[in-house]
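*Asks:* Sequence and predicted structure, then a few things I'm wondering about:
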Amino acid sequence: MTDNTERQRMSLDAALDVLARRRENQVVVGTMTANGAWRQKSPHDLNLACIGFMGGASALGLGVALSQPGRDVWVIDGDGSLMMQLGSLGTIAGAAPSNLLHIVIHNGVYETSGSQPLPSQQQVDFARMAEGAGYAQTASFGDAEEFDSAIDELLAADGPTLVQLYTRPEDRFYSARPTPPGSTPALARMWPPVAEALR
Amino acid sequence: MTAQSIPADQLLSAIREAGVQDVVLVPDTHQRTVLDLLMDDEEIRTIHCSTEDEAVAVSAGLIIGGRRPMMQIQHAGLYASVNNLRGVALDGHFPIVLLIGLLGRDPELEPEQDGSSMVRLCRPLLETLDIPSHLLDGPDDLHCVAEAFDEAAERNGPVALLVGTTTS
């Protein structure tokens, strides 16, 4: 059993900085609290978001990766999100897209709803799960400098790759605002420009 | 009326004529003869998913990347996929066509008269979700496959095809 309660953890900000420094023309699918932070750090025409279907980021990214084998796709997933769709680890391993990087932000809590603990009480190890599912590469980091030193080698090798980043829980409670009648949902606004850019 | 079995090769031809490039699936007992052909097909790629809501999101990603996917599931999977049908296919305005097997349906009855809740509630659920559906009750209905893709593109949303009896 992995006990993560005393583990070294980086800030979400530092974790995303490492990725943002490598951002070129990858399609990036973000979700939950990391999504907003990512979009501020790396505004780009090729950003997509999993909003309103928690757990779906990895499957959405898989579809893009399989459709665009010549382009790298990054999924910035959450631990609570991935717990909702653990089967996607097997689906991704089976489809084996060499161009997919699956980042899992592991803070051990459901941050948007008020930082309640995950059912696993911090013990779940997504890297070991992904390895068991059949990902080509897996790695875990709790220190941003170590992550920064290792990421280029991971990016250079064939995926699918899962990188688990242990981060400190932060106060990012999110209270949804009412949606005005007749509004176009965020996903419907977001993906057509990405599709256009990929043509 | 009695629903007629659709030969697998005819359904595969209809899928091919609709321009499908990827079939995103969770296996359906009801359509196993079609699955056998699809998995041997060299032109159409099959993508095997663990869950049906995953299949919705994978299909959406494929569309973003310029592919033409079709989902193939059974009725129980429709119920399992509702959140992503809402949050991805409907809210995202994705033209996803779903081929759904009505496993265990009595071919002598309309689906709404069936003794199985999985069969009986299928069309009412689709109607609630505002997803048009068409029943494939025999080879004469195969024109609906290509038409479903046109309908999905026109409405910018999902369309369901219900396979009424076990394929042969």
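*Replies:* Perfect, I can see it now.

*Asks:* Could you look up the SS state of residue 77?
*Replies:* Defaulting to chain A. Residue A:77 falls in the strand class when you classify it by DSSP: H, G, I helix; E, B strand; the rest coil.

*Asks:* what stretches of the chain score poorly on pLDDT?
*Replies:* Since you didn't name a chain, this refers to chain A. Along chain A, the model assigns pLDDT under 70 to residues A:1-5, A:121, A:172-175.

*Asks:* Quick one: the strands in it, in order.
*Replies:* Ranges of strands in chain A, per DSSP state E, are A:27-31, A:47-50, A:73-78, A:100-106, A:109-110, A:116-117, A:137-141, A:161-166.

*Asks:* now swap in chain B and tell me
*Replies:* Counting by DSSP E, the strands of chain B are B:22-25, B:45-48, B:69-74, B:97-101, B:133-136, B:159-163.

*Asks:* Leaving out the residues flanking it, which one is nearest to residue A:17?
*Replies:* residue A:41 (6.9 Å; Cβ to Cβ, 6 or more residues apart in numbering or on different chains). Where you see a C-beta, it was placed from the backbone N, CA and C, and this is true even at glycine.

*Asks:* Show me the helices in the chain, by range?
*Replies:* Using chain A here. Applying DSSP state H to chain A gives helices spanning A:12-20, A:32-41, A:57-67, A:79-84, A:87-95, A:126-133, A:144-156, A:186-198.

*Asks:* Correction: the question concerned chain B.
*Replies:* B:8-17, B:32-40, B:52-64, B:75-80, B:82-84, B:117-120, B:122-128, B:143-155.

*Asks:* For residue 35, grab the count of nearby residues.
*Replies:* If you meant another chain, say so; for now it's chain A. 20 (other Cβ atoms under 10 Å in any protein chain shown).

*Asks:* switch to chain B, that's the one I care about
*Replies:* Neighbour tally, residue B:35, other Cβ under 10 Å: 20.

*Asks:* Excluding chain neighbours, give the residue nearest to it in space.
*Replies:* residue B:27 is the one closest to residue B:35 (Cβ to Cβ, 6+ apart), at 6.1 Å.

*Asks:* And the one you found, how far from residue A:80?
*Replies:* 29 Å (Cβ to Cβ, to the nearest Å).

*Asks:* try residue A:60
*Replies:* 17 Å.

*Asks:* Among these two, which residue is more densely surrounded?
*Replies:* More neighbours surround residue A:60 than the other of residue A:60 and residue A:80, with 33 against 26 (other Cβ under 10 Å).

*Asks:* who's in contact with that one?
*Replies:* A:29, A:48, A:50, A:75, B:57-58, B:60-61, B:88 (Cβ atoms under 8 Å, 6 or more residues apart in numbering or on different chains).

*Asks:* Repeat that for residue A:65.
*Replies:* By Cβ under 8 Å, 6+ apart, the neighbours of residue A:65 are A:73, A:97, A:99-100, B:61.

*Asks:* Spell out which parts of chain A neighbour chain B.
*Replies:* A:48, A:50, A:52-53, A:55-56, A:59-68, A:85, A:87-88, A:90-91, A:94-95, A:185, A:187-188, A:191, A:194-195, A:198-199 (Cβ under 8 Å from any Cβ of the partner chain).

*Asks:* Mind pulling up the pLDDT for the residue nearest to residue B:102 when sequence neighbours are not counted?
*Replies:* The spatial neighbour of residue B:102 that comes closest, neighbours along the chain excluded (Cβ to Cβ, 6+ apart), is residue B:119 at 5.1 Å. For residue B:119, the model assigns a pLDDT of 97.

*Asks:* hang on, the earlier thing: just to check, the residue nearest to residue A:17 is in contact with residue A:16?
*Replies:* Yes. Between residue A:41 and residue A:16 there is a contact under Cβ atoms under 8 Å: 5.3 Å.

*Asks:* Comparing these two, which residue is more hemmed in?
*Replies:* residue A:16 (24 against 15).

*Asks:* And that one, how far from residue A:80?
*Replies:* Noted for residue A:16: a distance of 18 Å to residue A:80, by Cβ to Cβ.

*Asks:* that older thread, let's see if you can find the most crowded of the contacts of residue A:60.
*Replies:* residue B:58 (35 neighbours).

*Asks:* Tell me which residue of chain B lies closest to chain A.
*Replies:* residue B:61 (2.0 Å; Cβ to the nearest Cβ).

*Asks:* now that residue, nearest residue through space, not along the chain?
*Replies:* Per Cβ to Cβ, 6+ apart, closest to residue B:61 is residue A:63, 2.0 Å.

*Asks:* Look at the one you found and say how many residues are nearby.
*Replies:* Neighbour tally, residue A:63, other Cβ under 10 Å: 30.
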